[in-house]
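Peer 1: Fold the following and give me the result.
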Amino acid sequence: MSNRSLDVVVAGHVCLDIIPGFPSGRTYRIEDVFTPGKLVETAGLAISTGGPVSNTGIGLAKLGMKVAFMAKVGADQIGRMTLDLLKAWADTAGLFISNEESSSYTVALAPPGIDRIFFHSPGTNHTFGADNVNYDLVERARVFHLGYPPLMRRLFSDHGEELVEIFRRVKERGTTTSLDMALPDPSSEAGRADWLRIFERLLPYVDIFHPSAEEALFMARREKWQSLRERAGTGEVLDLLTGPDYTEMSDLLLGMGCAMVTLKSGHRGFYLRTGSADRIAAMGSAKPEDASAWAGREIWSPAYHVAQIASATGSGDSSLAGFTTAFLKGESPERCVAAGNALGYQNLHGLDAISGIRDWDYTLSVMADATLPRNPINTGEGWQMDPHGHVALGPRDRCL
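Peer 2: I've put the predicted structure just below:
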């Protein structure tokens, strides 16, 4: 891999997270929290930066990576708090400060027994664009990682023109590119965007594409997502997806031009699918030394079972810190997906997105502990478990 002074520039969505805690030992119903006039007792408060710039970026820094942040904040109190909190972890030279706009914040509620609820003000995230990227700083990095364009209006407007421009210019600098997504409200402007058209233009410039399984389905196969959403009722679409669904979705996304696809899957684990050796060899500054060893893989690693989850806020972002660190350290595909799950496991032990994350040595110890229980993944026919790597190999995997 190339020798650059930074490991990762982490760009995109950032906000200040305000996260009330809830008393342990009980579960909640929605009416226990949202009843007019009711006083709801909380237990402590966490204030931290949030969004992928913070969640993935600080996770990477905790694992020993050299990181620079790249985002947009306002010149207000929330912006100053955001900047000060980020400065404690990594280089903030890439943060753009606007004197005309308000910074972004989120109030995150995660009562046990209820799916997470977010009150979010997008602020400066909506106006982040290609002119807010410091391309000289990007050229110093092995990986450029951008997160949550569906929550950033300027990036998904005009069929993703600004987003495509960012990734095109980053690839011109020879930097390996990585992209994370977010699931928008279907009725919102982002939810109505033609994401399939955006992907067709964008993915040739994306080396590693990191949507969740549901995000990929929603954006690229909307009718199928809607059908599964209706079947799921009060449950999760994620629990209805099968191994063939993952293979079909990764076939589609790889066919649009990216080199690798991961499908983050929460309690169902972490999935990886890779393309051809030629495409992997063209990944730029962080390309694997042996492209053929990464080509043609389909791997699904089951998530660790956590009996008492403090919060799942930012768990997907954390998993990408684990995957990316392992990737930059030259680990195998099997070890990279295992590292993604190990960071997701750590994340679930903290109220915010970063307090549960420890260092790389601890992550290695989690990966080596065969006694930790795993959740079932129910891959379906055509998959085989690898007893040595604790992963399932899919029907497209060249090692079968």
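Peer 1: what bits of the chain have low per-residue confidence?
Peer 2: 1-3, 388-389 (pLDDT under 70).
Peer 1: Just give me the residue closest to the centre of it.
Peer 2: Asp317 (3.8 Å; C-alpha atoms, centre = their mean).
Peer 1: Is that one in a helix, a strand, or coil?
Peer 2: helix (DSSP: H, G, I helix; E, B strand; the rest coil).
Peer 1: In terms of helices and strands, where is the closest residue to it other than its chain neighbours?
Peer 2: Nearest residue to Asp317, sequence neighbours excluded (C-beta to C-beta, 6 or more residues apart in numbering): Asn55, at 3.4 Å. Bear in mind the C-beta positions are built from the backbone N, C-alpha and C, glycine included. Element membership for Asn55 (DSSP states H and E) is helix 52-62.
Peer 1: List the contacts of the helix or strand that that helix is followed by.
Peer 2: On the C-terminal side of helix 52-62, the nearest following helix or strand under DSSP H and E is strand 67-70. For strand 67-70, contacts defined as C-beta atoms under 8 Å, 6 or more residues apart in numbering pick out 6-12, 14, 53-54, 57-58, 60-61, 86, 89-95, 132-134, 137-138, 140-141.
Peer 1: what's the spacing between Ser265 and Asp245?
Peer 2: Counting by C-beta to C-beta, to the nearest Å, the gap between Ser265 and Asp245 amounts to 11 Å.
Peer 1: what is in contact with the two at once?
Peer 2: Ala213.
Peer 1: Assign the nearest residue to Ser301 once chain neighbours are set aside to one of the three secondary structure states.
Peer 2: Counting by C-beta to C-beta, 6+ apart, Ser301 lies nearest to Val337, which is 4.1 Å off, once chain neighbours are set aside. Here Val337 takes the helix state, with states given by three-state DSSP.
Peer 1: contacting residues for Val337?
Peer 2: Applying C-beta under 8 Å, 6+ apart, the residues near Val337 are Thr262, Phe270, Tyr271, Leu272, Ile299, Trp300, Ser301, Phe323, Val391.
Peer 1: Just the closest of those to Arg231, please.
Peer 2: Tyr271 (21.0 Å; C-beta to C-beta).
Peer 1: Phi first, then psi, for that closest one.
Peer 2: Backbone geometry at Tyr271, expressed as degrees, to the nearest 10, gives phi -110, psi 140.
Peer 1: mind checking how far it is from Asn378?
Peer 2: For Tyr271, the distance to Asn378 - C-beta to C-beta - is 13 Å.
Peer 1: neighbour count winner among these two?
Peer 2: Tyr271 (29 against 13; other C-beta atoms under 10 Å).
Peer 1: Who does that one form a beta bridge with?
Peer 2: Leu263, Trp300 (DSSP bridges).
Peer 1: pretty sure it is touching Pro211, no?
Peer 2: No - between Tyr271 and Pro211 there is no contact under C-beta atoms under 8 Å: 10.6 Å.
Peer 1: which neighbours do those two share?
Peer 2: Common neighbours of Tyr271 and Pro211 (C-beta under 8 Å, 6+ apart) are Leu263, Lys264.
Peer 1: can you pull out the helices in this structure?
Peer 2: Using DSSP state H, the helices found in the chain span residues 30-33, 52-62, 77-87, 135-138, 153-172, 195-202, 213-220, 222-232, 243-255, 277-281, 291-294, 315-328, 333-347, 360-368.
Peer 1: would JSON lines of those with distance to His126 be doable?
Peer 2: Shown next, in JSON lines, are these (distance: least, C-beta to C-beta, whole Å):
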{"stretch": "helix 30-33", "distance to His126": "28"}
{"stretch": "helix 52-62", "distance to His126": "15"}
{"stretch": "helix 77-87", "distance to His126": "14"}
{"stretch": "helix 135-138", "distance to His126": "22"}
{"stretch": "helix 153-172", "distance to His126": "4"}
{"stretch": "helix 195-202", "distance to His126": "17"}
{"stretch": "helix 213-220", "distance to His126": "19"}
{"stretch": "helix 222-232", "distance to His126": "23"}
{"stretch": "helix 243-255", "distance to His126": "26"}
{"stretch": "helix 277-281", "distance to His126": "33"}
{"stretch": "helix 291-294", "distance to His126": "36"}
{"stretch": "helix 315-328", "distance to His126": "20"}
{"stretch": "helix 333-347", "distance to His126": "27"}
{"stretch": "helix 360-368", "distance to His126": "34"}
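Peer 1: Out of these, the one nearest Ala182 is which?
Peer 2: helix 213-220 (6.9 Å).
Peer 1: list the helices and strands that closest one packs on?
Peer 2: helix 195-202, helix 222-232, helix 243-255, strand 260-264 (3 or more C-beta pairs under 8 Å, 6 or more residues apart in numbering; DSSP states H and E).
Peer 1: JSON lines for these, including mean neighbour count and distance to Val170?
Peer 2: As requested, the helices and strands packed on helix 213-220 are arranged in JSON lines below (neighbours: other C-beta atoms under 10 Å; distance: least, C-beta to C-beta, whole Å):
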{"stretch": "helix 195-202", "mean neighbour count": "19", "distance to Val170": "12"}
{"stretch": "helix 222-232", "mean neighbour count": "14", "distance to Val170": "28"}
{"stretch": "helix 243-255", "mean neighbour count": "19", "distance to Val170": "19"}
{"stretch": "strand 260-264", "mean neighbour count": "27", "distance to Val170": "16"}
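Peer 1: of the ones you listed, which approaches Asp290 most closely?
Peer 2: Nearest to Asp290, of those and by C-beta to C-beta, is strand 260-264 at 14.5 Å.
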